[in-house]
Every structure is written in C-alpha cells, then in structure tokens.
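Undergrad: just coords:
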C-alpha cells in the first residue's frame, strides 16, 4: 500500500535496487516516431479527403438520369461542360466565360489582399514593438469571422444598398445626385466582401515570415546606405516570400471554389466555378457536378504549381 | 518487494479491466436499472423532413398534445429535401415535399405511397387536387406538374402515375398557394396588371426572380407569353427550342441590367423588397405579409395572365413500416383535422381540407383569408402579431378567384438537364 502511494506520488522513483536495467526505456526508431506524429493527420487526410476525392473522380465518369447515378462509364459530365467551346469560337463557351470571370475575381482579390495584408503584417512586425500588442492586433484581424456568413452578407445591404448608409450619405453631402447602383450586387461588392474576409489569411503567414527576419539584417542594410525602399525590395520582400506564397495559396484556393459569397454579394448573377457545381448538384446531376469539381481542382492545382515554381516553399521554410 | 508491487499493480489493472467489462456487460444486458426511465419503446417519434413552410413549433406542440406523437423537424431547402430523399432515404420517416419533385422521387423508389382509405378526410380534400377545379367549379390551369396529374399511382409499388383515381396516393395534400409578383405600390405609383412588367425597362435594376432554375424559367415564360412573343404548349414542359427562346429573353434582360439580384430564400426576398432594392419580383404570399407587417407597403399583385401555383403533401420513406407507419397515418390524419390547416390559412397559404380548417377559424378570419371580404376585425398571425388592420382586403381576393386564376404549376421538365445547362449559361452571360 505504502509502495503504491510512493509510486503515484513520484512515478520517476524506482523502488528497490536492481531495477535500473528494467526501467531503461525501449528506444523507438526515429522514423517510427515521425510516422507516429504524422499518422493521425495522414489518416484524417486519407479518410476524409483522398478517398472522397477518388470517389468524385470515379463518379465524374458515370452517367445519370433524373433521379439516380448510373454506374456506367460516360464522358457526358465533361462533354456537357465543354459544350459549344469549339462550335462557338471565337465567342467563349459557358465554362470558358465562367472561368474567365472566376479568375478575374480571384486575381483582383489576390492582388488587393496581398497589398493590404503585406502592409498590415509589416506594421505588426516592424512597428509594433510589444509582443502583447502584436498578438492583440492580429486577433483584431479575425473580427470578420466572429459573425456567421449569412449575417455578414445581410449586413452589407443597409450599408451599400440603394438606400443604404453610404449612398444616402453621398447623396446628402451632394457628392452624387443618384444612388450608386454598383455598390451592391456587383463585382465591386463581391471583391469587397472577399477582401474583407480573406485579408486575414494573408496577414498571418506574411507576419509569421517577417517576424523571423533578423533585425540586424535591416540595420546592416541601413548601415550600408540602403534607402527604406531598397531595404524593402531587397531585404524584407525576399525574406517574406514564403509567407506571401502561403498566403496567396490560401486566398486563391478559397476564392476559386467560393460560391456563397459570390452568390450573395453578386445577387446570384455573377458566374463562378463553384456556382456551376452548386446548380448541378441541386438538380441532382451529380456526375456533371463531379466533373466540374475535377476541372476546378485541376485548374486550382495548376495555379498553385505555378506559384510554387516561383518560390520553393519547402526550401524556404 | 518489487515483485509484490508488480503483482499488485497487475492484479489491480486486471481487476479494473474485469470490472469495466462486467459493467459493460451489465449495461448491455439491461441489468443496471438506476438510469432515469426513458420511454424508448413507447415514445411515438416521427422524423419529419421538409421545407420550413409547414414546420411550425405550434403545430408540433399541438400534435404532441393531441396524439402523443413527437415530431422531429429536419428542415432543408426544396432542392436539399429532394437530394436527401435520393441519397439518405432512411434518415427520415415522414416526407413533406412538393408535387413537382415527384417526377424524380417516384422513379427512385425511395418513397412509399399512402393508402387513401386510411385517410379519414380524403374525400373532403379540395377538388383543386383531385379534379383540377375549385370548389365553385372553376377549371384550373394545368400546365406544368399539376397535382392531379401525379396524385395517384397505378399500384402500391408502382412507379407509374395513374390517370384515374386509385387508392395509392403519392402525396396526401397539405398546403398550396398561388404565387404572383410582389410589388412596392409606393415606389411604382401606377397599376400593374401583367407579368410583362417584370421585364419592363422602367424597372431596370429593380426587378428580381427566384434563383431556382425550374421556377425562375416559368416566371420568365409567363413574361414571354404576356408580352406576346410566344405561346407555349406547356410552360412547365418546354422543348429545347422553347428553353432557348426563353433563356434568350432572360439573357437580354440580364445583360441590360434588369435584375437587381436573384433570391433563394424567404428572408432574402423580404430584405430585397423591404429595403427598396427591388420594386417588382416574384414572391411568396407570407413574404409579402412580412414586408407589410414591417410597415412597408407591398402588394401581392394579381395579374391578368394568372398565377403560378405550387402544392405540397405528405408521404413516408420506403423504410417505414409496422407501428411507425400507423403513427404516420395518425399524424397525417391529425394534420388534416383542422388545427394545422387553420394555422396555414392564417399565414396566407391554403389548407387541403377546407371544412376542418374552417371549423378551427373565427368566422371573420375565414371571411378575410378565404372569401376575399374586408376584415371585420384586426387580422392576426398565428403568433398573435398584427398582420392587417380591420377593413383590409386580401390581395387577389377570395380562394375561388385566386386558385381559379392559376395558369401553371411548378414543374420539372423532361428537358431538365438541358435547362440546367442553359441556366448556367444565362448566369455566365
């Protein structure tokens, strides 16, 4: 009994004399340890991403009717999707127009979030000295995520709508005579909402890269006579590159697949790659939806591959 | 010393294991009776899948009180309800869905038709469903998936719709309505009498339609017909050429900036209208009422070309049998017995059995909602909030006038696949 108490109180204590040999821990091989560490995530990835993805690819080659999937090989999902792409030349077909629009929105959101995100991160990393303030201010960037998607979307109407705050303010101050229609349900409002949401995904990785820049490098640049701009271009940006690329990958992948924000802010009138999938799924045309999902995946993957060509993230991390 | 500790440790662990195992066994075999008593064997629970239209808390509470059946609502959008029936038929017991989705649901074999003989009020169901005419004898437009075309099956497990009455009913009717355009009379300032106004350039950037392709295209077809461009054989079942023509009209309007936004749910439609973003749009009756109850003028405008109607009803999942099937019948019978019908009527919908609903409504309520008469007293919603002041008259008038004016029904076309592709093209244009 007393032995037990002793054991519980200090588990490291080895009773008796000849037990040192027995207590020697069995060593696990390093590779086994790393498998153990990566294992759980790998299993989750396998079960909830890779296997479903394989199913999506398989289903994309199935046929379908009004009410069920027909497990027979068919390229219909793809041929339907690219319908008219050659016949309508030089006009773009539906899928071409849709991707052009999606890429355009994606590029605009990427460029703006990168610009804003970079400067917010720069401010946090180099101008805010105290760690507490850095933490506090980065948490502020998460505010857009505190409310639900739906509420956030509805909240834009009283602000940007025809009779919203911005329009009535501008009309009252005499800046404009008629309310601006393009403030809401337009590409402008879509980009605004996406930037508002996703700048945070740029700030965090860029901040993370910047905070690790050795301050003495910047001092050295200054001592060597570099101007502020030269230091930025030749020291800060190259060293923040991994953060920039990671942030870009976040933003681009999210915007490429988004259909909710584009739908709500665009008044459901702006085409998006994700929206095509949604319409197909709602019509129970799963193979066609799956085919579109595969196409979206390939295009997004190509963009990311191109980006990682520019910066070797593995090497930089 | 060491030895003893070890043995002790082992034995303690073994003991623990043993006890845990025993406890598990005991729990499994039901030997432990200390848990609070749960009436799991007797509780009558039905999982109810549907859109929010019929799903009032008051309805489920009253149902529990009257029948002892506990209703668990599973709420989804129209599209998601259909998707769920197709992919997870065992995830619900009772299904509340629209007639137009039957063209997909019945061939899937995932739903079970109900036996008309077991429905007490079946013979009292409004002739709108059974004969395609109003109680007053007015013939109702049958374009699209009109309920009487898909009401009966040829046999119990048949996948074919019967042309005459049988005892196998696909959906026991519950609720329906006649939809039209909602307008803001204070902003339009002139009478509106035709569907063609939806695409009138006068309302550029201030019009809206539903973002459900199969319904949106029917509204568009009403406009095309009203403007005299084309006359469809069946707006609810267009040919490819007709789809092309309709989408062309829509695309031109979209490119010209006619539409402010498309809406998909009730609240979106209310917001668009109440905020003045739109002044004319396809709408649902309770949404118009909601805008009006916010103190904003809004009219559910009757139009000379008629209404686009929809209807829904009950069936059960194919997995339902035995006592659960009996509860389902009990529930459906209760639903038609008046309380729920009156509740729906007070929201501006219509109930399937008019006589029982009438018995549960005050005469002045019935006169306002169903007979198109001026309200003798203030009209209140089921939750007691004020809808209309005394003296108001319902837009579109009486049941006879509104249901008698129906031109077409929500539908799934034979060329649905083509239509969906064209819809995506329209959005991308």
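TA: Yep, that arrived. All figures in this text were calculated on a predicted structure; none of them were measured in a lab.
Undergrad: only C-alpha atoms for contact and neighbour calcs from this point on.
TA: Fine.
Undergrad: any regions of chain B where pLDDT drops low?
TA: B:1-42 (pLDDT under 70).
Undergrad: if we use 80, what do you get?
TA: B:1-42, B:52-53 (pLDDT under 80).
Undergrad: residues in it within reach of chain A, list them.
TA: Residues of chain B lying close to chain A by C-alpha under 8 Å from any C-alpha of the partner chain are B:1-2, B:5, B:79-80, B:83, B:86, B:104-105, B:107-108, B:211, B:260-263, B:275-277, B:416-417, B:420-421, B:424-425, B:427-429.
Undergrad: hang on, isn't residue B:116 packed against residue B:169?
TA: Yes: assessed by C-alpha atoms under 8 Å, residue B:116 is found in contact with residue B:169 at 6.1 Å.
Undergrad: ok so, going back, what subset of the residues of chain B next to chain A is buried?
TA: Among the residues of chain B next to chain A, those that count as buried by neighbour count (16 or more other C-alpha atoms under 10 Å in any protein chain shown) are B:5, B:79-80, B:83, B:86, B:104-105, B:211, B:260-263, B:275-277, B:416-417, B:420-421, B:424-425, B:427-429.
Undergrad: which residues of the stretch 301-429 of chain B fall in helices?
TA: B:322-335, B:339-345, B:354-359, B:363-369, B:399-404, B:416-428 (DSSP state H, counting those that start in this stretch).
Undergrad: tell me which of the ones you listed lies nearest to residue A:203.
TA: The closest of the helices of the stretch 301-429 of chain B to residue A:203 is helix B:416-428. By C-alpha to C-alpha, the value is 32.4 Å.
Undergrad: counting neighbours, what do you get for the spatially closest residue to residue A:181 that is not a sequence neighbour?
TA: Excluding the flanking residues, the one nearest residue A:181 by C-alpha to C-alpha, 6 or more residues apart in numbering or on different chains is residue A:162, at 6.3 Å. Residues lying near residue A:162 (other C-alpha atoms under 10 Å in any protein chain shown) number 23.
Undergrad: and what of residue B:109?
TA: Residue B:109, neighbours per other C-alpha under 10 Å, totals 18.
Undergrad: next up, the contacts around it.
TA: B:157, B:159, B:318 (C-alpha atoms under 8 Å, 6 or more residues apart in numbering or on different chains).
Undergrad: the one residue in chain A that gets nearest to chain B: which element?
TA: Proximity of chain A to chain B (C-alpha to the nearest C-alpha) peaks at residue A:267, 3.8 Å away. Secondary structure assignment for residue A:267, by DSSP states H and E: no helix or strand.
Undergrad: ok and the residue in chain B nearest chain A?
TA: Distances between chain B and chain A by C-alpha to the nearest C-alpha are smallest at residue B:261, namely 3.8 Å.
Undergrad: and that residue, which of the three is it?
TA: Three-state call for residue B:261 (DSSP: H, G, I helix; E, B strand; the rest coil): coil.
Undergrad: disregarding flanking residues, what is the spatial nearest neighbour of it?
TA: Nearest to residue B:261 is residue A:267, by C-alpha to C-alpha, 6+ apart, at 3.8 Å.
Undergrad: would you mind confirming that that neighbour makes contact with residue B:268?
TA: No: look at residue A:267 against residue B:268 with C-alpha under 8 Å: they stay out of range, at 10.2 Å.
Undergrad: please say which of those two ends up with more neighbours.
TA: residue A:267 (22 against 16).
Undergrad: how is chain B divided into domains?
TA: B:44-170+B:310-336, B:179-306+B:405-428 (automatic domain parsing).
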